[in-house]
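Asker: Give the three-dimensional model of this entry:
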Amino acid sequence: MNAVKKIPPGKLICGAGGVIVCLLFSFILKAPASLEAAAVSSGSTGNMAMRILGITLLAVFWWIGNVGTDWMTTLVMLLLWVLLADVPFTTAFSAFGSTSTWLIVGAFCLSEAVSKTGLFTRISWFLLRIFPPTFTGQVVAMLLVGAVCTPLIPSMTAKAILGVTVASGVATAMGYPNNSAGRYALFMAAWFGFGVTAPAFVNGSIFGYTVLGALPEGAGVTYGAWFIAMIPWLVVMLVGGFVLIKLMYRPEQTGTLTKEYAIEHYKSLGKLEGKELQSAFILAGAVILWVLESALGIPAAATALIAALLCFALGILDKKELATAPKWSIVVFLGGVLSLGAIFSRVGINVWLQTLITPLFERMNNTFLAAFVIMVMVVALRLIMASFSATIIIMMTVLTPVAPAIGLSPFIIGILVYTVENCWFVRYQNTTFATCYECVKDTLDYSGTVKACLGYVILCIVGCLISIPYWSALHYI
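Answerer: Sure, this is the predicted structure:
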């Protein structure tokens, strides 16, 4: 007989704690007078608001403790809203019909096609061969090539794995031994370029779509508007990342590559033809339509789905891959958590949160200080919240109602959360970084990357604070 699998203490505590909190809020505790008033003003009751809060806190506890997969916890939350809080089924699950959810489906299919045909690898090596084969040249190459490739597919993990794998090969070719400064430098340059720059583009990762989906209706943030808003931050991250890596990981002896190294890798890919060429045309067309979304009036979700349909129609993706290409677990998770804002509004929790939080930020009376406090809150939350998307949704749900008092638009609040949450102080914090590290763990020690995480957080904060006057000129503040 197989032994019963032991449940980790943290998971057990969070699982039981979530259930207890849910029961207390739903059936025992009375709504505070301020919440009762906010609920009544929204056409609900304090009792229903408390049940919504209790069920949501259950999900938060389970997300923190990784009690179940993110999507399973989300479905539990939605179903309990329906069963315990009298939320209509169509309301609880309404976000599954949103443009953000279908944008994610189409973008994932396009991402799968670009990765499957090898187009992304080709583009990366095509650009890498341009840079000098010196230490400095290759650090710059990893940063800039990664930034250029970031908007091509929405999977940060896929891009970052390719980047660090290439960086590891370059480090070996340059003669850097395991755990050497030069090897750390190239790894971190690839991580910064292919991973950390994702927030500069709405399609840089799935979390950009999470921010987009959490914005109020009519926010009107297009692909082009997002990138224009993020230019100062991107410059700070690239330039600051270069300086940071050079200061922290400068090797005692700088190796060099042969000029033929990248050229040979590129030539080994053969001619651009067949399905790879088709995917290149589809990708180029999708990016152009996303950039011109506001001018042409073609919704980004429609573009993504057209691209996905072409991938299947041309045979780039097999029809059976419809079951795997869109990453349905992520779609279910995001489709669920994006309902939080609407549900909170339904029972007045958003109004109640506004009355609680607004005075705290009004005392600051400074947009720079408010932005700084929000980012520090995110870094602290990420020490216990492993889920990227849950962090974004929770912070935006709580802070969006007080956006006018803070002096920041909901879009900028989302950007503040998104940019700084990609930290990796401990392994469980960042599954994408942990996956990249697993690819090279035989050549590097995790502890050697942590100091760069502190530098990353500082750069994110500086980049956002520097951007505030720029955002003000764009009328986001």
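Asker: Can you show me the helices along the stretch 201-350 of the chain?
Answerer: 206-214, 223-249, 260-267, 274-291, 293-296, 300-313, 328-337, 340-347, 349-364 (DSSP state H, counting those that start in this stretch).
Asker: Packed most tightly, which of these would that be?
Answerer: helix 206-214 (a mean of 25; mean count of other CB atoms under 10 Å). No exception for glycine: its C-beta is placed from N, CA and C like everyone else's.
Asker: Compute the inter-axis angle for that one and helix 300-313.
Answerer: In terms of direction (axes from the mean of the first three to the mean of the last three CA atoms, to 10 degrees), helix 206-214 departs from helix 300-313 by 140 degrees.
Asker: Which strands and helices lie in contact with helix 206-214?
Answerer: Using 3 or more CB pairs under 8 Å, 6 or more residues apart in numbering; DSSP states H and E as the contact criterion, the elements in contact with helix 206-214 are helix 99-116, helix 328-337, helix 388-399, helix 410-420.
Asker: Can you give the distance from it to the centre of its chain?
Answerer: 7 Å (CA atoms, centre = their mean, to the nearest Å).
Asker: Now do that helix against helix 410-420, angle only.
Answerer: Going by the same axes, to 10 degrees, helix 206-214 makes 160 degrees with helix 410-420.
Asker: what's helix 206-214 in contact with?
Answerer: Residues external to helix 206-214 that are found in contact with it (CB atoms under 8 Å, 6 or more residues apart in numbering): 95, 98, 100-101, 103-104, 107-108, 154-156, 198-199, 201-203, 221, 226, 330, 334, 337-338, 341, 388-389, 392-393, 396-397, 400, 410-411, 414-415, 417-418, 421.
Asker: rerun at 7 Å
Answerer: Here helix 206-214 makes contact (CB atoms under 7 Å, 6 or more residues apart in numbering) with 98, 100, 103-104, 154, 199, 201-202, 221, 330, 334, 338, 341, 388-389, 392-393, 396, 414, 418.
Asker: Give the buried residues for the helix or strand containing Ile52.
Answerer: Assigned by DSSP states H and E, Ile52 falls within helix 46-65. The neighbour-count check on helix 46-65 (16 or more other CB atoms under 10 Å) flags 46-65 as buried.
Asker: Now do that helix: which elements does it pack against?
Answerer: helix 9-23, helix 33-41, helix 70-84, helix 340-347, helix 349-364 (3 or more CB pairs under 7 Å, 6 or more residues apart in numbering; DSSP states H and E).
Asker: domain ranges for this structure?
Answerer: Here the domain assignment for the chain is 1-89, 99-329, based on automatic domain parsing.
Asker: Any chance of CSV for those, columns distance to Thr431 and mean pLDDT?
Answerer: Formatted as CSV, the domains of the chain follow (distance: least, CB to CB, whole Å; pLDDT from 0 to 100):
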stretch, distance to Thr431, mean pLDDT
domain 1-89, 10, 89
domain 99-329, 8, 89
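Asker: Tell me which of those sits nearest to Leu356.
Answerer: domain 1-89 (7.6 Å; CB to CB).
Asker: ok, Ser124 - contacts?
Answerer: Val145, Cys149, Leu162, Val166.
Asker: picking up where we left off before, so can I have CSV of the helices and strands packed on helix 46-65 showing distance to Ala313?
Answerer: Compiled in CSV, the helices and strands packed on helix 46-65 are given as follows (distance: least, CB to CB, whole Å):
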stretch, distance to Ala313
helix 9-23, 44
helix 33-41, 50
helix 70-84, 29
helix 340-347, 35
helix 349-364, 43
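Asker: now for those, which one comes closest to Thr449?
Answerer: Closest among the helices and strands packed on helix 46-65, using CB to CB: helix 9-23, at 23.7 Å.
Asker: quick one: contacts for Leu309?
Answerer: Contacts of Leu309 by CB under 7 Å, 6+ apart: none found.
Asker: re the thing from before, relative to Thr303, which of the helices and strands packed on helix 46-65 is closest?
Answerer: Across these, closest to Thr303 is helix 340-347 (CB to CB), at 24.8 Å.
Asker: could you give the angle of the closest one to helix 349-364?
Answerer: 100 degrees.
Asker: got the angle for helix 340-347 vs helix 33-41?
Answerer: Using the same axes, to 10 degrees: helix 340-347 against helix 33-41 is 90 degrees.
Asker: buried stuff in stretch 37-44?
Answerer: Here stretch 37-44 shows Ala37, Ala38, Ala39, Ser42, Ser44 as buried, counting by 16+ other CB under 10 Å.
Asker: you'd agree the second one is up against Val351?
Answerer: Yes - Ala38 is within contact range of Val351, at 4.1 Å (criterion: CB atoms under 7 Å).
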